[in-house]
Each structure stands twice: as structure tokens, then as C-alpha cells.
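In: would you be able to build a 3D model of this:
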Amino acid sequence: MLRHAIQSTFCNRSQLLHRCTISSVTHHSPPLLPRTSTALNIGQNRCFFFGSAGNDDDDSKKGGDKDKKDESKEKKDDEDSKSSSDEQEPDKEPSATLNNSSRYSRTSPRHGGGNLNVLLPASRLGFGDQAPRYPHLMALPVIRGPVFPGVLTPVTVTDKKTIQAVEKILSGGSGGYLGLFCRKDYNPSHDHIVKGIETPEVISDAKDLYTVGTFAQIQRMTKTDDLDNLDGEDEDHPSHPLNDYRDKDDDEGEDSDHGKRPSASILLMPHRRIDLLSVDDIGPPIDVTVSHWDRLTYVKGQDSSRDDTIRALCQEVLSTIREVAQLNTLFKEQVVNLVPSSHMFDMNDPYRLADFAASLSINGGDVADLQAVLEVKDPELRLHKALVLLSKEREVGKLQKEISAKVEEKMSEAQRKYFLTEQLKSIKKELGMEKDDKESLIEKYRKKMAEYEAVPGEINETIESELDKLSTLEKNSSEFNVTRSYLDWLTSIPWGVTTEENFDIKAARTVLDRDHYGMDEVKETILQFIAVGKLKGTVQGKILCLAGPPGTGKTSIAESVAAALGRKFFRFSVGGMSDVSEIKGHRRTYVGAMPGKIIQCLKSTGSTNPLVLIDEIDKLGRDFRGDPASALLEVLDPGQNSTFRDHFIDLPVDISKVLFMCTANDLDTIPGPLLDRMEVIRLSGYDVPEKLEIAEQYLVPKSMVNNGLMVKDEPLKEGEEDADDKIPTEEPAAPTYHLADGVPSSLSIHRSALESLVRWYCREAGVRNLAKKIDKITRLLSLQVVAEEEGATLTEKSTRKSDTWEVSSENLDQYVGKPVFTSDRLYEKDPLPHGIVMGLAYTSMGGSALYIETQGIKRGLDPEGKPRGGGTLKVTGQLGDVMKESTQIAYTVARAAIAELDPTNAFFDEKDIHMHVPEGATPKDGPSAGITMVTAMLSLALDKPIKSDLAMTGEISLTGKVLAVGGIKEKTMAARRAGITTIILPSDCKRDFDELPNYLKEGLDVHYASDYSKVYDVAFGGRQ
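Out: Below is the predicted model:
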């Protein structure tokens, strides 16, 4: 049927062409612009067509005769048109017509097409094999594939010079013929971009074109208004741009006129194949010399076997076309659209049938394969190549049909499943077996609230009101989702639910000692809390604040406290937090609103009495979104948090049973009202014995287990006995460890190595840096064990240099490098140089020993014999404002003391004093170095040294009183680390020193001073 359709469609192809051509002319309005009657002087510029004078072909002669007839007819028509135009509009120039050979015809669309201009050739000199055979042509490169003879083909041109050249060809009276050649370097994945050139009709090398192309005639050219500014000028003028477009460079670029790229659509009718002999000019436009192919005809009867083969190939081509058209509707539409425009199609001609088949594959076929069909002359081979292209189209069609079937199958299955599910829902609803989503949701909320026994009345009323509201809302409304989210949170808060408290003090003490060494004050406070709860029979919340240097176990002990109390644990950090909504929640005024951390804590723990750790409370932020410290006032106030209101919940929530624990490094940065609500427990850090115990009991086993050197023994389950039938004790035994398989039995870290780590590597108050050093040792040990087991070679730094696997103080530097500290004190010489005294300071990192250095500067005399200086004090060392004030007070006290001790001493009058506190990169502040500064300046003025094992701390008043200071434990630990044996403390600090453990006080000679005279007696050996 397809074959008959093709035959019936092509019975009147010449009439279709004639009708198409006439309609393209008649469906346009008269010319847009008037034209002059002066003909374009073709002799002034090189024309691409040299006529047929040198061609002996009969068809060309006939074409020439026909041209003469056409020219005479056109001349007569021009005269008639001119006379008619002169009679109607004598003041206007005559317009060009279709038959005006001296100009080309210009029309514009009838409806809404003011931006397009249609140009038609002035004459057509032949059709098909009757077309002229011009040896010189303008070449137009095409992409996507070659153009086959007999198939109307549109081509889009975007190069301005090429468009101008086509316009000139149309106006030359030669019929408007071009040579179409396919480009070699076209990349289909980049569409029109060829080697970085956006205009495919522009080439850089003659080798870019295939050598076989098509001779085609322009049927119509439609262009935009981007080049219309050239049309209004006098093209016959010698200075017109069209006369020198080959030689003059376009400096302004293609888009300089209007900022838009010009374009023109050309409808071409290919006639015959041509060979590219040479490229005379690569342009643009491109000038080529070609030779025309003679028409190839197949004569039957010469070889019957070959006739049968060609006939079979023709039948197979038609059959394949029919099959592909059935598989692919787009291909079928392409066949229907292409058949009327293929004027040389003949099913009995194998050449033209192959061209027609290749034309059908132009969109999906490979450019090289299509070009091969164009170049081959053998009919059998040409049919073979065309059949291969059609076969590829058939396979693509089959694949497309298979994909379509799979998609349709999935869609059908999904629709079937949806219909069945909806039917099942309807059946269950009718039978009462299932309710709709809204009713199920309301029932879930009611069931959840029934699990809570002590729900406040205000909460119940609000929930019932929200449930009634939810039942009247549509599921797809935004209000429904807001109400649902609100009910989710309301029903997730554990109203009245508490976890069972542990009132066993003995078991709680065991849990606390299991994970942390020391920290007795924290543990005693927790045990007191448990005891009060056991006596009262009820539990209440508490607010504790653990303040101390980093690495002292403040955060980790909170989890141990929760385990000892039997409470759930929740932690959140407020360091850098500046949004109040993180504490009190967001208001329900926008999508994404949610409660604050306190309500989230209750939901996640499922109880109203968890232990909540608020970490880094001394580092709260503050900005335009509010002050979180002020929001915490309600949370951490025992008198207010029983009715805590979150912005999202907007109902009173009782959090008075929550145990709040906060951590801080510096209490000075916490606002006073917030600090007043907390019970502060100071952690002073660890001294050397405590660090050694922590390292041996906790840090070393933990590091070895984490790095695969040790394995933790599993405790016996309840009711089980060990191999020796020992009776299990009531208290849980301390965890035990054993070396892992493959680890040498002698591998260990000796106590001497830990002592060296504490003394020469890790002097900070905490143990975090000590844990890092131990991890570094165990990781290197793991590497050495595995390397020796596998026989691998390590670097010199990682290779084990000692014969033993024990890490001691002798080989410690092989694992952690050279010591950070090389001595205990800056000045080892005894006594110290004049004007230098050791003081004791307390920082957020713990206690530290620092020196106060003073130096006298003697100035010379001026010309009048008077001293140039004297009586001034200069201080350095990055001191804070408080410490700077202490230096001025100390200077005044020192001058008063020297006047009393030795009235004849004029040291302070004659010399300037420069006071410096070493480690200038470290900020220092505080009043506790007052007596140290006075002693250093007196040592300089009296020229008496201070012994090197003496250290002191205390604030000095202007009258010489010694005032109390804080951090006595930290300062005492710093003095012991520095090897100090004599300490001077304020008298009011005696109670703080007496509370210290005995091992800290042992071996120290402590003197208490209420005024500076006592300090002077101890430092200088009394008054003389």
C-alpha cells in the first residue's frame, strides 16, 4: 500500500512544484522598497556563473536559447511595467517583478511578518538534467549530512557576507545556482559549532569540504531585517559594500549593526551531483570550480543475475521503508512529507531510489555513511549502502517501540495498582474495617495521650481544641499541616513521665569512680543530691556549673553522673549561639517553625527528669536576634522553670525536675544574673600525681584498645562464676585488659615515660594533650608491630631503634620527639638576679609561675647639670588594665617603703624603672601580682637578690595591705611544678590553703602576710 501511495503521490510532482512556486509568490504583498531601473553592472565584479558559452552540452545550448527568450520576454515585461508604473505614479521609481532579470524580487509576508523579507530568483534556466552546467559556483557548506538530488532542502545561513553573496546571485539573472558540499569536521554533539566557528558556511581550509556535492537551484530566500539597512542603499554605487565584500575586512563583526546575528533561510532544489575540482577562494563566500556528473542510468537486460540482485535490493529497500514507517510514526510522517518534494523519485530507477532512501535517513544517519551514498556510482553498491542506513533506522524504531511498550506497561501497572488500592480503601471503609487518614490521625493522637497519666488540664483542653480544629480542615490545606505539626509536638512531650531514680549511694559512687579519677567535689555534690532525694522520696532538679581549664573532664563526667543517677542524658552546646529561638523555640507564624532545645530534649529522652548538659555556657553569643543568656534565665531558675513557656508550644511545661549541668572555662564572661542561678563547682586541674594515675588507669588502656594493642575483657554475666569458682562481689570489678593476638608480651608504657610526658611535654592543667601524646605512642607501636610481622620496611623515624618493646623515659623521644620544656624555671641560678621575683598566676588554663623583671635606667645630665630623667615607670608584657593599675600602685608602695627603709636612697629619683612580664605574646591581667612587683622594685633599689625557690602572690593596696586572691590550689600546683619550696600567701587565703590535699602541702614552707612588712621580712631576711 505504501508503494501505491508513493506512486499516486508523485503522479503530478511537476504540478506540485509549479503550484508551490506560484503560491510562494502570490501569497506575498508587493515589494517593500522601490528599486531603480538601472541594472547591476555584473562586469564590475566577478560573477560566480560564467554562463554556458564554453559548454558544448546540448542541454546547455537549449538552456541558453531559453534564456534569450526569457530575457526578451522579461525586457518586454519591464517596459510594460515601467510604462504602467509611470502612468500611475510618475514620481516614483519602478518596482522589481518576478520576471525582471536585472533585479531580484522582494516580497513581505501578508500577516504579521514585518521582520522577514522573501527573495525569489528572477528566472529559472532549467530543471533536473535540463539545468545549466556552470563550472564556477559559489559553494555553500552544509552540516548534518549531504543533500541528495531531487529533494527540496531548506538551509539556514548566518554569515553576513554569504547572505550578501546569495542576494547578488539572485539578482544576477543566472537562475540562482549554488554548489552544496558537506563539511567533514561537523560534530553532531555540538550542533552548529564546528571547530569553534558558529557559522558552518565559513571554512578555514579547503580540506574541510567533501569532494562530491550537489548542484542546486535557489527556490526562495527568506531573511530577517538585520541586513535591511544595506538594502536601502544604492547598490550600483562603486562604494557600496557589496562591491568589495571580498577584500574589505569587517572590523565591527557580524553583529555590529543591531547587536543581533543575521540569518537567512534558503529553499534549494538539488539537480545533480558535482565533483569539487578546486577551491579558488575560501571566502566567505567560497568560490569553487566543479565538474558536473552526467545522469547515471541503469540498462536492464545486460546481466540477468545483476538485474535480479538490483531488483531484490529495490524490493528490500521499499520493504524496509514500509517496516520502519510502521514502527516509527515520525519516520512515517517524514516519508509522507518527503515524497511530494522529491521530484526525481522513481521506484524503477535504482539510483534515485537509493537517493530517496538515504534522504529518509538524513536525520539519524552518520555523515560519512550518507556521503558514501552520494559518492558511489555503482547502483548495486549504492543500494547496499542505503539499505544499511535504513536497517539502522529499523533497529532504532524497534528499540523505540520496546521502550514505549515498557513505559506503557509500567504506567498501566501503576494505574491498576492505584485503582485497586482505592477500591480496597472504599470496601474497608464501608465495612468499618478502616478509617480515612484524618480519622486515623486523630485516633493516634488520642491513643498517645491516653498513655500519659498526669496530663495538666490546660494541656488537655488545648489538645482537644486542636483535634476538633483538625477534623474540620482539608488535608491539602496549609493550616492542616501546621495543626498536625503542632499536635505532633504536643503529644510527643512526656507529660508526667519520669525515669526511676537510683538512690543507691554506693552504686552511684562506683559508677562515678569507674570513669573519672579525682573530681571529689563534683562527686560529693551528686551523692548529696541522691541522699536528699532518698530522704524526701521525691526528686527535684538542680543547676550545677562546672568551671575549670580545658581537658579536666567537665563534659565527660556529666554522662557518668547521668548513669549514676539512672537518668536519661541530653547534651547541647551553646558556644557561639546567638539566636534566642534555639532556646525558646520559633513562633508558629511560618513554615518550618519548631520548638527550642529544651522541648526537643524532653521529646528525645522521653522523660521529664533527664540530665541536660549545657556545654560552653561562657561562650554565648549576642546579636540582633536576641540574647540567649537572657533566655536561659527562665530555664535555669528553679523558681520559674516549673512553668516554662516555649514560643512554639505556648503552654506551660514543667522542667523543674531536670538536672541541668553547665560547663565553662571562664566565669568572668558569664552574665551576673545567670551565674547567680547556678551552683558553681570549680575544677582546678590535675597535678603530677593525679595525671600519672589518670594516665595509668584510664588513658593508656583506652589508647591501646583503640589502636588494637589490647582487648578489654568482657565482664561475667549475672549468675556466672569464673574458672576458679570465685564468689562474685557485690561491687562491679574494675575493667581488665589483655594484649591482643600477635602483640609482643613485653609491649608496655613504663611509668617513667608517663612522668617524663607530664613533666617535659604536658604541663597544662588538663589531660587532653597528655592523651594525644599517649595516642601518638600507641599508634607508632601498632605500626611497628604490624611492620615486623609482615617484614615491611619503615622510615628511619618510624623504625624501632631499641631492643625492647617497652617505652620508657630513655627512648620516649623516639615516639613523641624532643621535649617541649627543657627546665622547670627560667632562672636556675640561685639567688636570682637583682630586680627579678617569681610570682604565681591563675589563668583559664590553670595555674602558672611567671617572673616579674625590673631594670633601672640611668639618664645623663643636661647642659645645666640637671638629670634628664628619673621618677618614671614603663611596663611591657601585654598587661591588662587591672594589672597596669597594679604596677602604678606597686611603684608608689615601693617608693614609700624605700623612703622608710633608707631615706638616703635616691634610686627611684635618679633612675627610670622598666618593668616587664615575660611571654609577651600571652595576655595577662589581674591584681594578684602586686606584692611581687613591689618586691622586684625593692630588690632593684636595695641591690639585694631574691632566692630562686621563693614565689609569692597577693594584691597590694596603696597603704601596703596584702589582700586575698583566688586560685590558691592552681597556684600551689604551679609552684610545685616549678620546684618552689617557699610560698608567700595573703593571710585571708589561709583557709583555702588548709583545704588542699596533704600531698600538695607537703614540703612547702608557707608564709602568710597581712601587710607588706611581712613580705619584706621573708624576701629580704628582715630589716637591718
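In: residues contacting the nearest residue to Asp615 once chain neighbours are set aside?
Out: Excluding the flanking residues, the one nearest Asp615 by Cβ to Cβ, 6 or more residues apart in numbering is Ser573, at 4.1 Å. (Glycine included, C-beta is placed from N, CA and C.) Ser573 makes contact with 614-616, according to Cβ atoms under 8 Å, 6 or more residues apart in numbering.
In: could you dump those residues into JSON lines and include pLDDT and secondary structure?
Out: Written out in JSON lines, the entries for the contacts of Ser573 read as follows (pLDDT from 0 to 100; DSSP: H, G, I helix; E, B strand; the rest coil):
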{"residue": "Ile614", "pLDDT": "94", "secondary structure": "strand"}
{"residue": "Asp615", "pLDDT": "93", "secondary structure": "strand"}
{"residue": "Glu616", "pLDDT": "91", "secondary structure": "coil"}
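In: and the strands in the stretch 801-950 of the chain?
Out: Using DSSP state E, counting those that start in this stretch, the strands of the stretch 801-950 of the chain run over residues 806-807, 836-843, 846-858, 873-876, 911-916, 950-952.
In: of all the ones you listed, which gets the most neighbours per residue?
Out: Neighbour counts averaged per stretch over the strands of the stretch 801-950 of the chain are highest for strand 950-952, at a mean of 26; criterion: mean count of other Cβ atoms under 10 Å.
In: what average pLDDT does it get?
Out: Strand 950-952 shows an average pLDDT of 93 in the prediction.
In: who wins for neighbours among the contacts of Ser573?
Out: Neighbour tally across these (other Cβ atoms under 10 Å): the maximum, 26 neighbours, falls on Ile614.
In: now that residue, nearest residue through space, not along the chain?
Out: Cys662 (4.6 Å).
In: Met933 too?
Out: Nearest-residue entry for Met933: Ala890, 3.6 Å, with adjacent residues in sequence omitted and distances by Cβ to Cβ, 6+ apart.
In: circling back: dump the strands of the stretch 801-950 of the chain to a markdown table, plus distance to Ala975.
Out: Rendered in a markdown table, the data for these read as follows (distance: least, Cβ to Cβ, whole Å):
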| stretch | distance to Ala975 |
| --- | --- |
| strand 806-807 | 30 |
| strand 836-843 | 6 |
| strand 846-858 | 6 |
| strand 873-876 | 24 |
| strand 911-916 | 21 |
| strand 950-952 | 5 |
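In: mind listing the helices for the stretch 551-700 of the chain?
Out: Secondary structure of the stretch 551-700 of the chain, counting by DSSP state H, counting those that start in this stretch: helices at 554-565, 581-584, 597-605, 628-635, 672-676, 688-694, 700-706.
In: what do you get for the stretch 701-850 of the chain?
Out: Secondary structure of the stretch 701-850 of the chain, counting by DSSP H, counting those that start in this stretch: helices at 751-756, 768-790, 813-816.
In: so which of the ones you listed gets nearest Asn348?
Out: Proximity to Asn348, assessed across the helices of the stretch 701-850 of the chain by Cβ to Cβ, is greatest for helix 768-790 (81.9 Å).
In: how about the closest one, which residues are buried there?
Out: For helix 768-790, a neighbour-count test (16 or more other Cβ atoms under 10 Å) marks 769-771, 773-775, 777-785 as buried.
In: contacts only, for the nearest residue to Pro673 once chain neighbours are set aside.
Out: Of all residues beyond its chain neighbours, the one nearest Pro673 is Leu633 (6.1 Å), with distances taken as Cβ to Cβ, 6+ apart. Under the criterion of Cβ under 8 Å, 6+ apart, the contact list for Leu633 reads 640, 673-674, 677.
In: let me have those in CSV, extended by distance to Glu864, pLDDT and neighbour count.
Out: Putting the contacts of Leu633 into CSV (distance: Cβ to Cβ, whole Å; pLDDT from 0 to 100; neighbours: other Cβ atoms under 10 Å) gives the following:
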residue, distance to Glu864, pLDDT, neighbour count
Gln640, 74, 86, 15
Pro673, 62, 90, 13
Leu674, 62, 90, 23
Arg677, 66, 89, 20
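In: which one among the residues you listed gets closest to Asp949?
Out: Distances from the contacts of Leu633 to Asp949 were compared by Cβ to Cβ; the smallest belongs to Leu674, at 42.6 Å.
In: list the contacts for the residue nearest to Asp988 when sequence neighbours are not counted?
Out: Distances taken as Cβ to Cβ, 6+ apart put Ala964 closest to Asp988, at 3.6 Å, once the chain neighbours are dropped. By Cβ under 8 Å, 6+ apart, the contact set of Ala964 is 954-955, 986, 988-989.
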